[in-house]
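Asker: Build me a model from this:
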Amino acid sequence: MSNDINNVKQRNYNPLIWFLSIFIVGVILGTYLLPKSADGTIGGMELTVLPMLNAILNSFTFLFLLTALIMIKKKNIKLHRSFIIAAFVTTFLFFISYLTYHSMAESTSYGGDGAMMYIYYFILITHIVLAALIVPLALITLGRGLNMKVEKHRKIARWTMPIWLYVSFTGVLVYLMISPYY
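Answerer: Have a look, this model is predicted:
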């Protein structure tokens, strides 16, 4: 293993990480300023199918991350890396679907009240804040892992993994709680 660490070509991912972090969060915020679909469809397809797709993609991300965590606990770096890449793929697909929906559809308000309303908004707000934070965290963690900077990777992964798990899990919860109001 130490041979693998020494033989990895070191790359500086930092400029790309910061560009993508700012770009992704900026694009997401920008989608709220775009004109919305008048009839709630895109090419004749109901837009309300996209939040369900987002929840499915978040579910896969959660499962891939959990499996990646199990694999690294078993010291299986190859499978850990494969499941992390799978989590990035489902997150990227989520990002495309999320942008499509929020650039075309009006926002949906939560229709519940009482204690459930407070629970919903707590989950939603923490989800949004941590989702913005996870972009640079996940990319930095990935860069350190790809460069086999094991100690630096472990240090940040201790924060990245639980936050990304929380964001992907609460993405599903938010969908389940708001889906009756679409």
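Asker: Show me the helices in this structure, by range?
Answerer: Here the chain has its helices, by DSSP state H, at 2-7, 14-31, 49-73, 77-104, 115-146, 150-178.
Asker: Which of these has the lowest mean pLDDT?
Answerer: Mean pLDDT per stretch puts helix 2-7 lowest among the helices of the chain, at a mean of 53.
Asker: Let me see the confidence value for Tyr181.
Answerer: Tyr181 carries a pLDDT value of 86.
Asker: any idea how far the spatially closest residue to it that is not a sequence neighbour is from Ser82?
Answerer: Leaving aside its sequence neighbours, Tyr181 sits nearest to Gly111 (CB to CB, 6 or more residues apart in numbering; 4.3 Å). Quick note: C-beta positions are derived from backbone N, CA and C, even for glycine. The gap separating Gly111 from Ser82 is 41 Å, by CB to CB, to the nearest Å.
Asker: Give me the more crowded residue out of those two.
Answerer: Applying other CB atoms under 10 Å to Gly111 and Ser82 shows that Ser82 carries more neighbours, namely 15 against 10.
Asker: contacting residues around the more buried one?
Answerer: By CB atoms under 8 Å, 6 or more residues apart in numbering, Ser82 lies in contact with nothing.
Asker: Equivalent analysis for the one 4 residues further on, please.
Answerer: Taking CB under 8 Å, 6+ apart, we find Ala86 in contact with Phe60, Phe64.
Asker: Run a quick neighbour tally on Gly30.
Answerer: Using other CB under 10 Å, Gly30 has 12 other residues around it.
Asker: Relative to Leu173, how far out is it?
Answerer: Distance of Gly30 to Leu173, computed by CB to CB: 26 Å.
Asker: repeat for Lys36
Answerer: Lys36 sits at a distance of 25 Å from Leu173 (criterion: CB to CB).
Asker: re earlier: tell me which of the helices of the chain approaches Gly40 most closely.
Answerer: Ranking the helices of the chain by their distance to Gly40 (criterion: CB to CB) puts helix 77-104 first, at 8.5 Å.
Asker: roughly how far out does that closest one sit from the chain middle?
Answerer: 7 Å (CA atoms, centre = their mean, to the nearest Å).
Asker: Would you state the predicted confidence (pLDDT) at Tyr13?
Answerer: Note for Tyr13: predicted pLDDT of 85.
Asker: how near is the residue lying closest to it once chain neighbours are set aside to Leu165?
Answerer: Counting by CB to CB, 6+ apart, the nearest residue to Tyr13 once its immediate chain neighbours are dropped is Gly143, at 3.4 Å. Per CB to CB, Gly143 is found 20 Å from Leu165.
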